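Visitor: next comes the sequence, and after it the predicted model I'd like to discuss.
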Amino acid sequence: MKVHFLGTAAAEGFPAMFCRCEHCAKARSLGGPNIRTRSSVIIDDAIKIDFPPDTMHHVLRDGLDLGLVTDLFITHTHLDHLRAEELAMRLPGYAHGLDHPLRVYGHDLAVAKCMQAVGAGQQEHIAIRRISPFETIHTEHAKVTALPANHDPAETCLLYFIEKDGMTLFYGHDTGLLPESTWAWLLRKNIDIAILDCTNGNLPFTGSHLNIQAVIDIKNRLLSHGCMTTEGKVIATHFSHNIGMQYDDLLDCFQHEGIMVAYDGMVLHHEGVQPRQRGANL
Ligand SMILES: [Zn+2]
Ligand SMILES: [Zn+2]
Ligand SMILES: [Zn+2]
């Protein structure tokens, strides 16, 4: 499984667009992996999660061919995850040479925004479909299940569990501490890759996002239940400038825990391991 991280910042970006704080100034001067845009990943060039306002920048920076994407899963409608208006740029007149529709999935509010942006009668170009918590979709390439997040009570925010070519990926943001219903579902699975919310860094709270300790706790719970082996990959992402931590600072916190720190443009190739004995470490 190839996981391409397009953006790894929280909503404001890091450095933040208008911010003059010392952390943003330092990130600007250091450059490299300290420059973070709004979050999205592409899996095996075909499955994209979220459609942030920095998508055009991602296409130019990483030389993406978004025409290869078959399925787009939206986690929620916060501005750093969905800029629905730009979906129209995939319609005839704006985009040529496409040989399949883009299928877009999200819950109620995400679907409503996408439908409004694309307009009626465009299903053969952009097919928008509602997905509900615990519902599984069989796409052309993968099996994808939506799981409840703990993020914004004003809408149904989703996390995704992707099963593809014998491998699994849990896309765990945006969310605070995972709902127990999500835990109950996850603990029945083998997880090869877990991408987790680390918006709050080493700040001493979680709320609607996670922090470093919460990411470590989730990894340990997955390991202790035998859902993940030591060959599994846990990756922290979605960092806010408010944490005041540059890439190297995050490495210092995570490396000895065996947790990866995502950066913009990072490409992870993970071949997985043989299926584990269920409950081996209970
Ligand atoms: Zn976000
Ligand atoms: Zn700042
Ligand atoms: Zn959010």
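Guide: Right, received. Where do you want to start? Ligands and ions are numbered 1, 2, ... in the order given.

Visitor: show me where the stretch 51-200 of the chain has its strands.
Guide: Using DSSP state E, counting those that start in this stretch, the strands of the stretch 51-200 of the chain run over residues 71-73, 102-106, 126-130, 136-138, 143-148, 158-164, 167-172, 193-197.

Visitor: who does the fifth one pair up with?
Guide: Looking at strand 143-148 with DSSP bridges, its partner strands are strand 136-138 (antiparallel), strand 158-164 (antiparallel).

Visitor: could you dump those strands into TSV with distance to G244, mean neighbour count and mean pLDDT added?
Guide: Every C-beta, even on glycine, is put in place using the N, C-alpha and C of the backbone. What follows is the strands paired with strand 143-148, written out as TSV (distance: least, CB to CB, whole Å; neighbours: other CB atoms under 10 Å; pLDDT from 0 to 100):
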stretch	distance to G244	mean neighbour count	mean pLDDT
strand 136-138	39	12	97
strand 158-164	27	23	98
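
Visitor: how about the residues of the stretch 101-250 of the chain near ligand 2?
Guide: The stretch 101-250 of the chain comes close to ligand 2 at residues H241, as judged by CB under 5 Å from the ion.

Visitor: dump the strands paired with strand 143-148 into JSON lines; add distance to ligand 1 as well.
Guide: Converted to JSON lines, the strands paired with strand 143-148 look like this (distance: least, CB to the ion, whole Å):
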{"stretch": "strand 136-138", "distance to ligand 1": "22"}
{"stretch": "strand 158-164", "distance to ligand 1": "12"}
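
Visitor: nearest to V3, of these?
Guide: Nearest of the strands paired with strand 143-148 to V3, taken as CB to CB: strand 158-164 at 9.7 Å.

Visitor: residues in contact with the closest one?
Guide: With contacts defined as CB atoms under 8 Å, 6 or more residues apart in numbering, strand 158-164 is touched by 1, 43-44, 47, 49, 73-76, 106-107, 131, 133, 141-149, 168-173, 175, 178, 182, 185-186, 189.
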